Every structure is written in C-alpha cells, then in structure tokens.
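Novice: give me the fold of what follows.
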Amino acid sequence: MAHKACVHMSGLPDAQGLYDPSHEHDACGVGFVVHVKGQRSHAIVRQALQVLINLLHRGACGCEANTGDGAGILIQMPDRFLRRETARLGIALPPERRYGAGFVFLPRDAALRGRIEALFERIVVEEGQQVLGWRDVPTDDAAVGPSAVSVEPVFRQLFIADGTDAEGAQTNDRFERKLYVIRKRVEHAVDAMGLADRSSFYVPSLSSRTMIYKGMLKADQIAPMFPDLADPDVESALALVHQRFSTNTFPSWPLAHPYRFVAHNGEINTLRGNINWMQAREALLESDVLGEDLEKILPIIREGGSDTAIFDNVLEFLVMAGRSLPHAVLMMIPEPWQNHEGMSPELKAFYEYHSSLMEPWDGPASIAFTDGTVIGAVLDRNGLRPSRYYVTTDDLVIMASEVGVLDIPPENIVIKERLHPGRILLIDTAKGRIIADEEIKRELAQAHPYREWLQQNMTRIEDVPAAPYLPPPDHETVLRRQHAFGYTQEDLKIVLGPMASAGEEPIGSMGTDTPLAVLSARPRLLYDYFTQLFAQVTNPPLDAISRSSSRRWNRRSARRATS
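Specialist: Residues are numbered from 1 along each chain as shown. Predicted structure coming up:
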C-alpha cells in the first residue's frame, strides 16, 4: 500500500495504477484500536503503535528528519505495570480506580522543578487527597532530533490516593473530578507565579482511568522514547494514537496529541468566536457536581494551546460538569438539524436547546474521543476529514484517518465502514458493544423535556411586538446618513442588496483585499474592526450548498464574537 511505502522512503512513491503522487495531501493522522468487550492486553498497545507507525507520513518534521511535530498514545491505566513499578519504589497503590496517576512535564532546572513538585503536593493535600509519591519515567532520546532534545522536559509520574473511604462508580466520578480540580489549580498557580513557561511545564494526564505518553516526536520514536510502552504488563482494552502535522501552531512537547479526551485531525475554523463565548459565559456557570470547586477551575481554557487543546479544555469541562462524553461531543459538534426533514422533533429540540448554550465548533475535522471506558469518533458536519473503521471477528474495532493502518486478513473483517457526517461511532467497553448512532441520540433527546423547556423559556423574534411605524426618510437624508456612518458602495451592492432582495446572506470569497479598518484614516463601521479567525490551511473543496451554509455559519460566529 502507498502509505506503507511512505514510511520507508524519503520521497513519495512513483505513480502506479490509480495512485498519483501529485494528488497527495498532508494532514494529521489519528486512529484507535479497541476491544469491544473490554478485554485488556498488551497486544492492543502494540497494534495501536503499529497504526501510529503506518500513519507516519501523516505527520511532519523540521529540517532535521528526526525532529517530528508530535506523536502520542492514550491508554487505559496500566494498573498491573504501575503496581509492579511503584512497589519497587516502596509505594503501595490502593485498589484500581482508587488512585490517580499523573504524567507530568517538568522544567530541567532542579530548583524550579522542586518548587512545582512541592506546589503540586500542597494542592493535593488541600483538596483532601493523599500524595503517594513520584516515579521518574524511563526515557531514551537517542533517536530524537537535537531541536526536540534541546527543549525536552523532565518526565515524572505522580501517584495520588483517593482521600475518602467511599466505594462505587459515583465515588470514582467524584475522585476523577477532584483530580481535574487539582490539575487546574496547579496550572493556574504555575502560570500566575511564572514558575515555568507552557512548554516546560505541562500535565498530559492526571486521571484514575487513563494515561498518556506523548511528545515532540515522530510516530516511530514514541515507543523507543518511552520504554514503558514495550513492557508486556502495560495492558489496555483501548488505545488512541495520533501523528501530528502542525498547521496552526509551532511544534512543542505539550502540543502533541492525544489530549485528555481527544485526538484530532483537522482544524477548528470558528476558534476565536468559540473562545470568546466560553469566556463570556464563565460568570454564569453553575454545576451541582462541581459545587464550590467550580471557581477553582476557572478559566476553563488555558490559552496558548492549539485549537485541539482548547477544544479538549471545553470538552473536559462539559464532562466533568456531569454530562456524558457523547452528550458533550454532540453539544460541540452538532449535526445540521435546522432543515433536517427526517429528524425527530425530540432530537431537534435537543439540538435547538443546546444551541443556546454552545456554538458549534466548526471546521473540517475528524475527532476521536475517549474517557477510558467509551471510545468513539465523529466528523464535522460536512465530512471534510474522512475516517474509516473495521470491525473484526475477534471483537476489535480499528478506526483511522485512512484505510490499511493494520494488516487484517479479509476473512476476519465483519464490517468495513466509514464515518458519516453528523453521525457518531461509539464503543462502550463496559457494556461490551458498539452503540448505534440512533440509540445514543434517542436516549439523549428523551432524557429531558427539551421542547417544553424551549417553549417556556425561549423568546422568538417573530413574537416581539413590532416597533412603532415611522415614515421613511427621503433619499437624500438616507444617503447622507450612509456617508456619515461609513457605509460603502460595496456594503450596499454586495452585502445589503442581496439580503434585502433574496432574504439570505450573500455568497462570497473567503479571501479579501480590503485594507484593515484599524489602519484606516477614515471612520469605519464597528463590525469592520472584527473578523473571524480561520485556520491557515487550504481546506478541501465543498459543494455549493455546504460552502454557502459554512460561510453563513462562520459569518454569524464572527458577529457573535464581537457582541
């Protein structure tokens, strides 16, 4: 296959058959391997690392061929392995799910590192939990490029015991939230005290359920860099991997994927507006499950991250605030529902209700997500970043941004499918089954009386009383006002004219050569000073309908961002 040839070649393969190297396009590579029944094994980890290697051509490197943009893997907590390793350090771990493990990037400076570790331990105790100890993570950066090594942090794992004696799933949820609060408090404190910059201090994971190994690496460097991953006792029923092509930010150790809940192939085009709205809503936030801890985690978004890092910040918050992971994902990436004639009224009410709480995080994207128990993937509404998956006879699901990431004998393949726009793929390892898109959405739509809430609380523009009638001013007065307020012929002809005649926003090129309003010596309309920030990449072509709807949606997001 062409992608495997790319792994071992410095250039692209020769044109052959239907393959033409001139059609090659680069983007991040994302994929996961999961055992549907939740059966843990080291084989899952090995297979996921092979998926990552077969996605090597999806990543990028600098002028040094051995300095990559980033690669990583997320697995379930490897309890057997960690129990063995911590015992050697004299650390006795509580039962599984009663302790959390953090993978932490720390500064090389010993004094700064000591201050951050002491701060971490103090906040753990203040939050009523118990510090069990630290472990130095073995590494081997011999194959890593000098640019990546020059900014390489120190890698340590922190172990924290649940400070309560309660048992059960709800207790684990509470403990997971407490670990989230601890991490956010440490991040805020380090930032406020200026102890380290964002590249030398970072917490890839702090959880009782999952652990992440990642860095400024290439796909074939992740396993040699972290020998833990080769240990047979590192077992998991799922593994999420990612090979990065840095399009919107510079490569760094923290910006490698996966993040705490997601790995992402694509771009979030509406990012600036999404960030503004999240910041604006922080004053109105309430949460029964977080309670007084809510104030400790603000701000939700740790700026300076990539679009995926920020997306993950918000998704993590929605889950920690009490929503299921599929619920949170569908809030952020809803399917096109307004004109969907076949959609049930209950599901439309679900989407309409949540549209008043959260704007879509829009853009070409294939997003894989997991909380350590469920794992799945979803596409953007237009399906611009395709992904495919296999279901095998031995209960594996293999999903990736392209086909052929693992060699599976054809006779072992039960289902060979692709992700569809607006539809969600979800595997629940606790229930041991693939949950259908219709079932997920039906349960979410029926969980609450969304239609009733809308009818009781939403004010519609058409119900607002009409303004008192005033006779229209004469043409000369209108023209004088237009000049006074900075309207141009382009505004009237290109924007307002089509809106008045056709009742819809006009379609136009996303590019513009209009001078920046802030540099103009003449008065300009207020909204001229604001513009939507788009990813600096070329997206695949859209058909006329989706192109029109996408531009209209992004213009609306831009205007909301200025309000």
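
Novice: now do the phi/psi pair for the closest residue to Arg244 other than its chain neighbours.
Specialist: In this structure, Arg244 finds its nearest non-sequential neighbour in Gly70, 3.6 Å apart by Cβ to Cβ, 6 or more residues apart in numbering. Every C-beta, even on glycine, is put in place using the N, C-alpha and C of the backbone. In terms of degrees, to the nearest 10, the main-chain angles of Gly70 are phi 150, psi 140.

Novice: look at Gly70 and report its pLDDT.
Specialist: Gly70 carries a pLDDT value of 88.

Novice: neighbours of it, how many?
Specialist: 28 (other Cβ atoms under 10 Å).

Novice: how about the contacts made by it?
Specialist: 59, 214-217, 242-244, 246, 251-253, 255-257 (Cβ atoms under 8 Å, 6 or more residues apart in numbering).

Novice: closest one to Ala111 out of the residues you listed, please.
Specialist: Set against Ala111, the nearest of the contacts of Gly70 by Cβ to Cβ is Trp253 (20.5 Å).

Novice: what separates the closest one from Gln489, distance-wise?
Specialist: From Trp253 across to Gln489, the span is 51 Å (Cβ to Cβ, to the nearest Å).

Novice: so which of those two has more stuff around it?
Specialist: Using other Cβ under 10 Å, the more surrounded residue of Trp253 and Gln489 is Trp253, with 22 against 8.

Novice: wait, the more buried one touches Val104, no?
Specialist: No - the criterion here is Cβ atoms under 8 Å, and Trp253 misses it with Val104 at 11.7 Å.

Novice: hey, what's in contact with both of those two?
Specialist: With contacts defined as Cβ under 8 Å, 6+ apart, the residues shared by Trp253 and Val104 are Tyr202.

Novice: so, low pLDDT: which residues of the stretch 101-250 of the chain?
Specialist: Applying pLDDT under 70 to the stretch 101-250 of the chain flags residues 166-169, 247-249.

Novice: same question but for the chain, I mixed them up
Specialist: In the chain, residues with pLDDT under 70: 1-13, 19-27, 62-63, 166-169, 247-249, 507-514, 531-563.

Novice: okay but Leu56 is in contact with Gln221, surely?
Specialist: No - applying Cβ under 8 Å, one finds Leu56 not in contact with Gln221, separated by 9.8 Å.

Novice: neighbour-wise, which of the two wins?
Specialist: Of the pair Leu56 and Gln221, Gln221 is the one with more neighbours under other Cβ under 10 Å, namely 24 against 21.

Novice: spit out the contact partners of the more buried one.
Specialist: Neighbouring residues of Gln221 by Cβ under 8 Å, 6+ apart: Asn66, Gly68, Ala71, Ala143, Val144.

Novice: measure Pro360 to Leu217 for me?
Specialist: 32 Å.

Novice: who has more neighbours out of the two?
Specialist: The neighbour comparison of Pro360 against Leu217 (other Cβ under 10 Å) goes to Leu217, with 33 against 21.

Novice: tell me the SS of that one?
Specialist: Classification of Leu217 using DSSP: H, G, I helix; E, B strand; the rest coil returns coil.

Novice: go ahead and confirm Pro299 touches Arg281.
Specialist: No - judged on Cβ under 8 Å, Pro299 makes no contact with Arg281 at a distance of 11.1 Å.

Novice: in a strand, Leu425, correct?
Specialist: Yes - assessed by three-state DSSP, Leu425 belongs to a strand.

Novice: list the contacts of it.
Specialist: Contacts of Leu425 (Cβ under 8 Å, 6+ apart): Gly376, Ala377, Val378, Tyr389, Met399, Leu419, Ile434, Asp437.

Novice: of those residues, which belong to strands?
Specialist: Among the contacts of Leu425, the residues falling in strands (DSSP state E) are Gly376, Ala377, Val378, Tyr389, Met399, Ile434.

Novice: pipe the residues you listed into JSON lines and attach neighbour count and distance to Gly304 per row.
Specialist: Shown next, in JSON lines, are these (neighbours: other Cβ atoms under 10 Å; distance: Cβ to Cβ, whole Å):
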{"residue": "Gly376", "neighbour count": "26", "distance to Gly304": "28"}
{"residue": "Ala377", "neighbour count": "28", "distance to Gly304": "27"}
{"residue": "Val378", "neighbour count": "27", "distance to Gly304": "26"}
{"residue": "Tyr389", "neighbour count": "22", "distance to Gly304": "33"}
{"residue": "Met399", "neighbour count": "27", "distance to Gly304": "30"}
{"residue": "Ile434", "neighbour count": "17", "distance to Gly304": "37"}
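
Novice: tell me which of those is nearest to Ala445?
Specialist: Val378 (16.6 Å).

Novice: can you pull out the residues in contact with the longest helix along the chain?
Specialist: Ordering each helix of the chain by length in residues (DSSP state H) puts helix 169-193 first. Helix 169-193 is contacted from outside by 97-98, 100, 102, 116, 119-120, 123-124, 127-129, 160, 162, 164, 166, 196, 201, 203, 206-209, 289-290, 293, 296-297, 302, 316, 320, using Cβ under 8 Å, 6+ apart.

Novice: is it possible to mark the buried ones in those residues?
Specialist: Neighbour-count burial (16 or more other Cβ atoms under 10 Å) applied to the contacts of helix 169-193 gives 97-98, 100, 102, 116, 119-120, 123-124, 127, 129, 160, 162, 196, 201, 203, 206-209, 290, 293, 297, 302, 316, 320.

Novice: so which of those sit within strands?
Specialist: Counting by DSSP E, the buried ones among the contacts of helix 169-193 place Gly100, Gly102, Ile160, Val203, Leu206, Ser207 in strands.

Novice: leaving out the residues flanking it, which one is nearest to Gly372?
Specialist: Among residues not flanking Gly372 along the chain, Arg209 sits closest, at 3.4 Å (Cβ to Cβ, 6+ apart).

Novice: wait, that neighbour touches Gln76, no?
Specialist: Yes - with contact defined as Cβ under 8 Å, Arg209 counts as touching Gln76 (6.8 Å).

Novice: shared neighbours, these two?
Specialist: Contacts common to Arg209 and Gln76, judged by Cβ under 8 Å, 6+ apart, are Gly372.

Novice: Val234 touches Ala223, doesn't it?
Specialist: No - between Val234 and Ala223 there is no contact under Cβ under 8 Å: 10.7 Å.

Novice: overlap in contacts of these two?
Specialist: Common neighbours of Val234 and Ala223 (Cβ under 8 Å, 6+ apart) do not exist.

Novice: Ser387: how many residues sit nearby?
Specialist: 22.

Novice: list the contacts of it.
Specialist: Contacts of Ser387 (Cβ under 8 Å, 6+ apart): Val30, Asn265, Ser366, Ala368, Ala377, Leu379, Met399, Ala400, Ser401, Glu402, Arg418, Leu419.

Novice: before we move on, the earlier item: just the buried ones among the contacts of helix 169-193: which are in helices?
Specialist: Ile116, Leu119, Phe120, Ile123, Val124, Ile297, Glu316, Met320.

Novice: want to throw the residues you listed into TSV with distance to Asn276?
Specialist: Below are those laid out as TSV (distance: Cβ to Cβ, whole Å):
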residue	distance to Asn276
Ile116	31
Leu119	31
Phe120	31
Ile123	29
Val124	33
Ile297	19
Glu316	19
Met320	22
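
Novice: would you map out the domains in this structure?
Specialist: 2-453, 484-562 (automatic domain parsing).

Novice: tell me how far the longest one is from the chain's mean position?
Specialist: It stands for domain 2-453. 7 Å (Cα atoms, centre = their mean, to the nearest Å).

Novice: what helix or strand does Lys441 sit in?
Specialist: Assigned by DSSP states H and E, Lys441 falls within helix 437-446.

Novice: and that helix, what's buried?
Specialist: Applying a neighbour-count criterion of 16+ other Cβ under 10 Å, the buried positions in helix 437-446 are Asp437, Ile440, Lys441, Leu444, Ala445.

Novice: of the residues you listed, which is the nearest to Leu93?
Specialist: The nearest one, if we look at the buried residues of helix 437-446 relative to Leu93 and count by Cβ to Cβ, is Ile440, at 34.5 Å.
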